[in-house]
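**Q** Fold the stuff below for me.
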Amino acid sequence: MGYYDRRWDCRDLYPAFFANYFSLDFMIAEIISIGNELLTGLVVNTNAAKIGKALTHIGCKVQWISSVGDDKTEIVSALEKASSRASIVIVTGGLGPTEDDVTVEAVLPVFGCETEFHPEIMEKLEKWFRKQGRKLPPCNRKQAFLPKGAKLIPNPVGSASGFIMKKNNTEFFFLPGVPSEVDAMMKAHVIPRLLSRKNRFSVHEVIFRAFGIPESLLGQKLAGFSKLFPEIQLGFFPDASGVLVRLLCFGSSHAEISARFSEAKAFVLEKVGHWIYGTGDETLEEVVGKLLAQKRLTIGIAESCTGGLICDKLTNVPGSSAYVKLDLVAYSNQAKMELLGVPEAILVKHGAVSVETARAMAEGVRRIGKTDIGLSTTGISGPSGGTREKPVGLVYIGYADAKQTVVKRFLFSGDRIWHKTRSSYAGLDLVRRMVLGIPEE
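**A** All right, here's what the predicted structure looks like:
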């Protein structure tokens with residue numbers, strides 16, 4: 001679940017809504033990420049995204065996120081600016097042992113203090129290196145010196161300790177930049193400290209996961225939601241696995257909002273339930289795997305354009321050996337003929353990317369594997385190979401069982417990797433819909 005639970009308390013997500021009922025001192029947060037590697041694109045700043053999500057879900061309004069290089073003057077400027085506008089500031093990076101780690105040096109003029117030696121940190125550093133069979137390098141000694149008056153934040157997975165400083169009404173949390181260390185320290189120390197703050201409100205959230213319907217059509221089908229439920233936020237967030245539909249509701253107590261939230265969820269399910277495959281963190285492969293296991297069905301997969309990606313997703317799920325029997329990546333026409341029994345006449349007349357080939361592949365892999373279900377993909381992922389009749393992005397997905405064979409046509413935009421990913425999810429969703437008997441819309 002990361003740093004937060006799906007039902008959490010919040011001080012400020014919709015200040016306008018609360019203004020009529022409450023007087024709040026909002027927790028305004030800023031995130032500062034330090035490191036030249038972030039500015040040059042060498043490293044993707046995943047810390048800011050995770051911290052922003054965590055703070056938002058516990059009631060902190062993240063107003064600014066910035067990246068600063070390993071430059072003392074620039075760091076001082078960023079800290080000064082943050083102290084003038086935010087009540088909570090999370091700073092990551094620059095606490096290591098090398099010369100370019102200058103965060104502590106930048107803190108001193110901002111807070112008007114000197115460093116002081118922490119023997120407990122030095123002891124931990126020596127023990128940490130001994131455990132690795134190494135002697136403490138002289139450069140690591142600087143990590144035992146923190147600004148005077150700082151409150152220590154222990155680091156359970158790394159050498160750099162974090163610390164807390166306060167300037168006027170702004171509380172600063174300084175953390176190292178290594179993502180695994182940030183995760184551990186946020187979860188164990190920063191979030192619990194922030195959760196102890198008062199004037200919090202109960203907030204409910206649910207995330208529905210939909211596939212096979214574009215964001216715009218979802219919006220049309222859920223038209224009128226805001227008028228029916230003005231106190232609940234409805235949001236749409238498309239990604240490769242479909243569209244996430246989020247409902248967010250809050251109030252002064254759980255009882256106050258629970259009934260309305262249940263009504264809102266029922267409204268969404270009534271309007272677009274056929275496209276919703278899961279909630280929360282559920283993946284499509286987990287949902288399909290659970291369905292196959294419950295129905296005691298087995299599946300064989302014949303993949304061309306997806307290159308084994310469907311089977312990769314299914315076998316990422318524990319227990320998948322109960323229902324996944326085989327996966328054949330038949331990329332060439334020869335492989336389609338020799339491994340799956342696709343007639344040469346079909347390939348000559350209709351081509352590898354066709355309804356007929358997808359049908360023959362699905363039926364062939366089901367026959368060979370002696371499975372309940374056969375699934376196939378054949379398409380053009382690009383960037384070349386397309387024609388006017390068969391453009392780049394075209395994919396046919398075949399489904400075969402004991403009663404029927406169905407082939408669906410899709411046309412996905414995007415680059416090669418995006419096309420493969422979208423096609424793999426389309427294949428999984430086709431299995432879900434066929435097994436559940438969901439009618440075509």
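**Q** wait, is S67 part of a helix?
**A** No - membership of S67 in a helix is not supported by DSSP: H, G, I helix; E, B strand; the rest coil, which gives strand.
**Q** And P238, how far from S216?
**A** According to Cβ to Cβ, to the nearest Å, P238 stands 10 Å off from S216. C-beta coordinates here come from the backbone N, C-alpha and C atoms, glycine included.
**Q** Kindly report the same for A150.
**A** 51 Å.
**Q** Counting neighbours, go ahead and name the busier of the two.
**A** A150 (22 against 11; other Cβ atoms under 10 Å).
**Q** Am I right that A188 sits in a helix?
**A** Yes - judged by three-state DSSP, A188 forms part of a helix.
**Q** and the closest residue to it other than its chain neighbours, how many residues sit next to it?
**A** Leaving aside its chain neighbours, A188 sits nearest to P156 (6.6 Å; criterion: Cβ to Cβ, 6 or more residues apart in numbering). Each residue near P156 was counted by other Cβ under 10 Å, and the total is 10.
**Q** Wait, a helix at P156?
**A** No - under the criterion used here (three-state DSSP), P156 is coil, not part of a helix.
**Q** Quick check: next helix or strand after the one helix or strand G398 maps to?
**A** G398 is part of strand 394-400 when elements are defined by DSSP states H and E. Sequence order places strand 405-411 as the next helix or strand after strand 394-400, per DSSP H and E.
**Q** Tell me the helices and strands packed up against that following strand.
**A** Where contact means 3 or more Cβ pairs under 8 Å, 6 or more residues apart in numbering; DSSP states H and E, strand 405-411 is packed against helix 355-369, strand 394-400, helix 416-436.
**Q** Mind putting these into a markdown table with mean pLDDT and distance to A302?
**A** As requested, the helices and strands packed on strand 405-411 are arranged in a markdown table below (pLDDT from 0 to 100; distance: least, Cβ to Cβ, whole Å):
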| stretch | mean pLDDT | distance to A302 |
| --- | --- | --- |
| helix 355-369 | 98 | 4 |
| strand 394-400 | 98 | 8 |
| helix 416-436 | 97 | 10 |
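**Q** Adding distance to F117, write the ones you listed out as CSV.
**A** Shown next, in CSV, are the helices and strands packed on strand 405-411 (distance: least, Cβ to Cβ, whole Å):
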stretch, distance to F117
helix 355-369, 67
strand 394-400, 64
helix 416-436, 51
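**Q** Ok, which of these comes nearest A184?
**A** helix 416-436 (30.6 Å; Cβ to Cβ).
**Q** Would you mark the buried spots in the closest one?
**A** 419-435 (16 or more other Cβ atoms under 10 Å).
**Q** now stretch 399-416
**A** Y399, A400, D401, T405, V406, V407, K408, F410, F412.
**Q** repeat for stretch 259-279
**A** Applying 16+ other Cβ under 10 Å to stretch 259-279 flags 260-261, 264-265, 267-268, 271-272, 274-278 as buried.
**Q** Many thanks, have a good one.
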